[in-house]
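>>> sharing a sequence plus its predicted fold:
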2 protein chains.
Amino acid sequence: MAPQLDGYFKQVDDMSNHFIERLRQAVAIPSVSSEALRRPDVVRMGHFLADELTKLGATVELRPLGKQHGTNLDLPPVVLARYGSDKKKRTILVYGHYDVQPAEKEDGWNTEPFDLTVLDDGRMFGRGSTDDKGPVLGWLNAIEAHQKAGIDFPVNLLMCFEGMEEYGSDGLEDLINEEGKKYFADADAVCISDNYWLGTEKPCLTYGLRGCNYYSVEISGPGADLHSGVFGGTAQEPMTDLVRVLASLVDTDGKIQIKGIAEQVAPVTKEEEGLYDGIAFTMDTLHEALGSKTTIFEDKKSTLMARWRYPSLSVHGVEGAFSAPGAKTVIPAKVIGKFSIRTVPNMEIEKTHQCVYKHVQEAFDKLNSKNTMKVYEQHSGKWWVASPHHWNFAAASKATQRVWGVQPDFTREGGSIPVTITFEEATGKNVLLLPMGSSTDGAHSINEKLDKKNYIEGIKLLGAYLHYVAEEPMV
Amino acid sequence: MAPQLDGYFKQVDDMSNHFIERLRQAVAIPSVSSEALRRPDVVRMGHFLADELTKLGATVELRPLGKQHGTNLDLPPVVLARYGSDKKKRTILVYGHYDVQPAEKEDGWNTEPFDLTVLDDGRMFGRGSTDDKGPVLGWLNAIEAHQKAGIDFPVNLLMCFEGMEEYGSDGLEDLINEEGKKYFADADAVCISDNYWLGTEKPCLTYGLRGCNYYSVEISGPGADLHSGVFGGTAQEPMTDLVRVLASLVDTDGKIQIKGIAEQVAPVTKEEEGLYDGIAFTMDTLHEALGSKTTIFEDKKSTLMARWRYPSLSVHGVEGAFSAPGAKTVIPAKVIGKFSIRTVPNMEIEKTHQCVYKHVQEAFDKLNSKNTMKVYEQHSGKWWVASPHHWNFAAASKATQRVWGVQPDFTREGGSIPVTITFEEATGKNVLLLPMGSSTDGAHSINEKLDKKNYIEGIKLLGAYLHYVAEEPMV
Ligand SMILES: [Zn+2]
Ligand SMILES: [Zn+2]
Ligand SMILES: [Zn+2]
Ligand SMILES: [Zn+2]
C-alpha cells in the first residue's frame, strides 16, 4: 500500500520559507574545514546543527575526534543524533557533512558566498548550499514538517554529520568502524545525500563509485639541481627518464598500457548492455562540462561506460621539476611523477599495485639508466558497487517517482566517496546515494547554488523515501 | 722581449692586504640585482666602483639604462671608464659585473654572506667574492699597483661594468651595440673575467661557449582543470599527450632524437682530436661536482666533447600541472613543457627551430589527439667560438705561464655568457675569457668563496696580460 504523503508534502510547501531561512542561517556560518583560522566557525556550525536537532527532540552527541593529523588543532566534532527509538520501526542511518569548501568573493563570485542569495528564477547561491548543507538540513526539515503536520515519523533516524569532509574526513573512518556495532548497531540501511544528478533534468540514484590508487614515481641522480649549460650532455637526467616512464602508462585515448589491469575488469553483462541507453545524459552536456569537444568517445554509451565501469589513468604532474612561468635552465636532481588509476569491479588494490610496480620497473629498466627509480603508492581507496535491487533502492525509486513523477536513472559515478564503503563495511548494510542537487550546482567552484525546487522537492523526497523504506518488503 | 714584471708583482704582494680590504668593502654592499628592495644597494655598488676609479685617475661615466623591463624600477647604471688615452698604446676593453646573486645566512651559509671572511687556509668567503667582484676589482688593483710601483701602464684600458648580469643584463645589449663604434671604438681586443677554471689546480683560457635555444610545448584541451574521478577515461588529457611528446626528444644517454640537429654539428678535426687528453680534468672531479656517478660517459674525452662541442637537450619541467608535494587528482587543462637545446658550431638558430617544430609537430600528430598543441621558442642565444691563436690569447697564455708557471688549458664551456658574443659583434674584435676563480668557488651557491691565491695571483695575471698584449705582434 502506497504511503499517504499529501499532508507531508503540503506541510513542506507551507514551510518552504522557513526551510530557506534555516539554509540561510547555515550558509552564513563559513565552516571552511581546510583553513585553520575558520576552525571556530566549523565548530560553531556543528553546534548549530546540534541545537536545531535538540529543539526537534533528537538525542544529540558532539563527538570529539582529537587533534587534526600532524597539527595541534582540534578537529570539529562529529554530530551523532538519534530521532526515535521505536523497536517496531526500521532504523535508517543518514550521513552528511556540515563543512564547506573555501570561498572568497574575489575568486569571482557574483554574490557574497556566505550570504544566501535567492534569485527570482529559484537559484539559491551560497557556499555549501548544495554541498552539503542543503541535503543535511533536508533531514531536519523532514522531521519538522512531520511534527508540524502531525504525521508519525515512519522510521527511527540515526544521523552522522561530520565537519571535515572537504579536507579528508580526518578521524571519521575510525569513528564509523568503532560505532558500526554500537551507535549504528540497529541501522537497517544507510542513505547518503552528498552527490548530484547526472544532468539537470532527471533525478538519479547512485549505486556505484570508482576507487582510486594514487602512485608516485621518483627518479633521482645528481646530488643537487644542475645547470644545463655545465652538465647538459654529460649527466643522465632524471627528468628525461621520468617523461619516458610516464609516457608508457596510457595513450591519448585513455587505453591503459599496464599489463594485468584490463584483465581484472568485470565483463559487461547482457543486463548491463541495455542499461545505458535510457540514462538522461547527452554528449552536449559533457562537452559543456568539459569546456571543449576533446572527448575520447563520440557516443553516450561508451562515455558512460568509460566513466563508470572501466578504469582510467591520469598523469597529474611532476614534483621537483621547474614548474613556474618563464624559462629556467635547470636539470632537476630529483623528480616525482604523480599518477592515479580509477579502479572498478573486480580490480584488487594489491594486485593492481603489483601490475603498476612491475610495469614501471620494466619501463625504467628498458632505459638502461644509472639514475635511481622508486615507485610507490600514496593512497588507495576501493571501488564500491551496491545492489540497486535492494529494498533500500526500491524505496528510493518509488519515492522519486512519487515526488518527481519520473523513474530515476540508476547511475554510478567516476569519482570516489570513501565514506560510502566505510559505512557499508562497518554496518554490513546496503548503502544508497540519494542526491538532492543537480550537475550544474558547481559544488566546489565559484557561484555554488542549489535550486529552490531541488531543495524543497528534495525535502519531500527524503521524507517520502523514509515512508517507502518503512513499507518495502525486506527481500 | 719579455716584459719586466718583477716590480709589479712585488707591488701586488705588498698591497695584498689593501686589495683584500677593497674586496671586503665591495662584498659588504649587498648588490643583489634580482631583488627590487636591494636596488639601492646595487646602485651604491656602482657608485663605489665609480669613486674608486675616479680616485685612480680614470674618466668615469655612470650610464643610466632606463626602467627595468616591465617595471617602474630604475636599472642600475653601467659604469663606463677609460684609463689612459695614449694613441701609441693598444686599447683593451674589459667587462665585469658588480651585481651578485641573492644570499641569506639562513640558506646554509657558514658565515655572514656579505661579510668577507678570510680563513687561515686562504679561502675568502663572501657573496660576490669570485662572481664577479674579485675579478672586477682585479682591474682596479692592477692600475693601483702600477701607480704605486711607478710602472707605466702598458695599455689604454676601457672598462664596462654592469649591475644586472645576474638578472638577465637588462638593457646592456643595446648599450654595447650603440657604443661599439663610439665609446668602445678604439678597442683592439676584449677581455672578460667572469668564468672559472675547469678544475682547481690549473688555469685556463676560454675560447668557446655553447648557445641555448629554449622552447615551450603547450598542450591544451578542456576549458578548465578537471577532476579525474569525473572525467578520467572520457576526456583526452593534455598531460598524457605532453609526456609522450617530451619522451620523444632525447634518450637517457643524451642522444637528441630530433632529425637535423646532429647534421649541423661541425665535424671533429684531426687537430681537435689531440686537444682533450692534455686538459686538466678528471672524471673524479666531475663525479664530485655532480654529487653522483650518473654520468653518460666514463672517460674524460667523451665527457669534455659532450660538454663543449656537442649539443645537448634538457627537459626542465612542466608548467600548469600539479607540482606540489602530496596527492591531487587533477586533470590539468593546459600544460606547458619546457626544454632547451645547448647549441654548438655550426648550428643555426633558425634551422634548429625548424627541426624542433617539425619534430614536435610530428610527435604530436602521431598521437591522433583532439587537444591543441603549440610549440614555440622562449629565447635563443648563439654559440660562440673565438680563435685561440689570436694575439689576444697568445698574450694571455704567456702571462699565465709567467704568473702560474704552467701553460694554461685552452677550454670551452657548456654554458652561455651572452655578453661575449655581443662584444664580439659590436666591436668586431677578438674576445678572450680570462678566469680568476676556480671550479669549486660555488659562484651561485651558498658559501661562495675566492681563494686568496687566485685573487692575488689573478691581479698579477691581469696586469701581466696587459703587458704581453702590448708587445704581442698583431698577426
Ligand atoms: Zn560534499
Ligand atoms: Zn564537497
Ligand atoms: Zn658572473
Ligand atoms: Zn653569476
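That came through fine. Worth saying up front: this structure is predicted, and the values here are computed from it rather than measured. Ligands and ions are numbered 1, 2, ... in the order given.

>>> can you report how many residues neighbour the one residue in the stretch 1-150 of chain A that gets nearest to ligand 3?
Going by C-beta to the ion, ligand 3 is nearest to A:Glu106 of the stretch 1-150 of chain A, at 41.7 Å. Yep, even glycine has a C-beta here, placed from its N, CA and C like the rest. A count of nearby residues for A:Glu106, using other C-beta atoms under 10 Å in any protein chain shown, gives 7.

>>> doesn't it lie inside a strand?
No: counting by DSSP: H, G, I helix; E, B strand; the rest coil, A:Glu106 is not part of a strand but helix.

>>> tell me the contacts of it?
A:Glu106 makes contact with no residue, according to C-beta atoms under 8 Å, 6 or more residues apart in numbering or on different chains.

>>> tell me how far it lies from ligand 1.
Remark: distance between A:Glu106 and ligand 1 (C-beta to the ion, to the nearest Å) = 23 Å.

>>> ditto for A:Lys270
Distance of A:Lys270 to ligand 1, computed by C-beta to the ion: 35 Å.

>>> same deal with A:Val230?
51 Å.

>>> now do the closest residue to that residue other than its chain neighbours, the pLDDT please.
Of all residues not flanking A:Val230 in the chain, B:Gly414 sits nearest, at 5.0 Å (C-beta to C-beta, 6 or more residues apart in numbering or on different chains). Among the per-residue scores, B:Gly414 holds a pLDDT of 93.

>>> now B:Gly414. Its backbone dihedrals?
The phi and psi values for B:Gly414, taken as degrees, to the nearest 10, are phi -80, psi -30.

>>> give the contact list for it.
So B:Gly414 contacts A:229-234, B:210, B:307-308, B:312, B:342 (C-beta under 8 Å, 6+ apart).

>>> what about A:Glu271, which helix or strand?
Per DSSP states H and E: A:Glu271 is located in helix A:270-273.

>>> please name the bridge partners of A:Phe161.
A:Val79, A:Gly96 (DSSP bridges).

>>> what about the nearest residue to A:Cys160 once chain neighbours are set aside, neighbour count?
Of all residues not flanking A:Cys160 in the chain, A:Tyr95 sits nearest, at 4.9 Å (C-beta to C-beta, 6+ apart). Neighbour count of A:Tyr95, defined by other C-beta under 10 Å: 27.

>>> I'd assumed A:Ala189 was in contact with A:Tyr95.
No: using C-beta atoms under 8 Å as the test, A:Tyr95 is too far from A:Ala189 to be in contact (12.0 Å).

>>> and the contacts of B:Gly414 as CSV, adding pLDDT, neighbour count and secondary structure?
Output for these, formatted as CSV (pLDDT from 0 to 100; neighbours: other C-beta atoms under 10 Å in any protein chain shown; DSSP: H, G, I helix; E, B strand; the rest coil):
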residue, pLDDT, neighbour count, secondary structure
A:Gly229, 92, 23, helix
A:Val230, 91, 20, helix
A:Phe231, 95, 25, helix
A:Gly232, 97, 28, coil
A:Gly233, 97, 31, coil
A:Thr234, 97, 26, coil
B:Arg210, 97, 31, coil
B:Arg307, 96, 27, helix
B:Trp308, 95, 24, helix
B:Ser312, 98, 28, strand
B:Arg342, 97, 28, strand
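
>>> ok, which of those residues also contact ligand 3?
Counting by C-beta under 5 Å from the ion, nothing from these sits close to ligand 3.

>>> name the nearest of those residues relative to A:Asp51.
Nearest to A:Asp51 among the contacts of B:Gly414, counting by C-beta to C-beta, is A:Phe231 at 64.5 Å.

>>> OK, contacts around that closest one?
A:222, A:331, B:290, B:307, B:414.

>>> how close does it sit to A:Asp225?
In this view, A:Phe231 and A:Asp225 are 10 Å apart by C-beta to C-beta, to the nearest Å.

>>> likewise for A:Lys133?
Taking C-beta to C-beta, one finds A:Lys133 at 46 Å from A:Asp225.

>>> show me which of those two is the more surrounded one.
Higher neighbour count among A:Lys133 and A:Asp225: A:Lys133, with 29 against 16, using other C-beta under 10 Å.

>>> can you give me the strands for the stretch 201-350 of chain A?
Using DSSP state E, counting those that start in this stretch, the strands of the stretch 201-350 of chain A run over residues A:204-209, A:211-220, A:226-227, A:312-319, A:330-331, A:334-343.

>>> and the last one, which strands flank it?
Next to strand A:334-343 in the sheet, as set by DSSP bridges, lie strand A:211-220 (antiparallel), strand A:312-319 (antiparallel).

>>> A:Asn72: neighbour count?
7.

>>> where does pLDDT dip in chain A?
Across chain A, the ranges flagged by pLDDT under 70 are A:1, A:475.

>>> residue nearest the centroid of it?
The centroid of chain A falls nearest to A:Ile417 when counting by C-alpha atoms, centre = their mean (3.9 Å).

>>> so what's that residue up against?
A:192, A:194-195, A:209, A:384, A:433.

>>> restricted to helices, list those residues.
Among those, no member falls in helices (DSSP state H).

>>> taking these together, which two end up most distant?
Using C-beta to C-beta, the two most remote members of those are A:Asp194 and A:Trp384, lying 13.5 Å apart.

>>> these two: who's more crowded?
A:Trp384 (25 against 22).

>>> from A:Trp308, how far out is the more buried one?
Separation of A:Trp384 from A:Trp308 (C-beta to C-beta): 12 Å.

>>> got any residues that touch both of these two?
Common contact partners of A:Trp384 and A:Trp308 (C-beta under 8 Å, 6+ apart): A:Gly208.

>>> can you pull the domain assignment for chain A?
As assigned by automatic domain parsing, chain A contains the domains A:6-209+A:384-471, A:211-265+A:310-381.

>>> using the centroid of chain A, identify the residue furthest from it.
Relative to the C-alpha centroid of chain A, counting by C-alpha atoms, centre = their mean, A:Val230 is the outermost residue, at 48.9 Å.

>>> what's near enough to touch that residue?
When contacts are counted by C-beta under 8 Å, 6+ apart, A:Val230 touches B:307, B:413-415.

>>> need the helices for the stretch 51-200 of chain A, in chain order.
A:134-149, A:172-179 (DSSP state H, counting those that start in this stretch).

>>> the first one close to ligand 1?
By that I understand helix A:134-149. No: using C-beta under 5 Å from the ion, helix A:134-149 never reaches ligand 1; the gap is at least 8.4 Å.

>>> just the buried residues of that helix, please?
Within helix A:134-149, the residues that qualify as buried are A:134-146, A:149, counting by 16 or more other C-beta atoms under 10 Å in any protein chain shown.

>>> what is the nearest of these to A:Leu37?
A:Val136 (23.2 Å).

>>> neighbours of the closest residue to that closest one other than its chain neighbours, how many?
Leaving aside its chain neighbours, A:Val136 sits nearest to A:Gly96 (3.7 Å; criterion: C-beta to C-beta, 6+ apart). Summarising burial for A:Gly96: neighbours were counted as other C-beta under 10 Å, giving 25.

>>> correct me, but A:Gly96 touches A:Trp139?
Yes: under the criterion of C-beta under 8 Å, A:Gly96 makes contact with A:Trp139 at 7.3 Å.

>>> joint contacts of those two?
A:159, A:193.

>>> for the residue nearest to the centre of chain A, what are phi and psi?
According to degrees, to the nearest 10, A:Ile417 has phi -130, psi 90.

>>> would you mind measuring from it to A:Gln257?
29 Å.

>>> same question for A:Gly405.
Applying C-beta to C-beta to A:Gly405 and A:Gln257 gives a distance of 47 Å.
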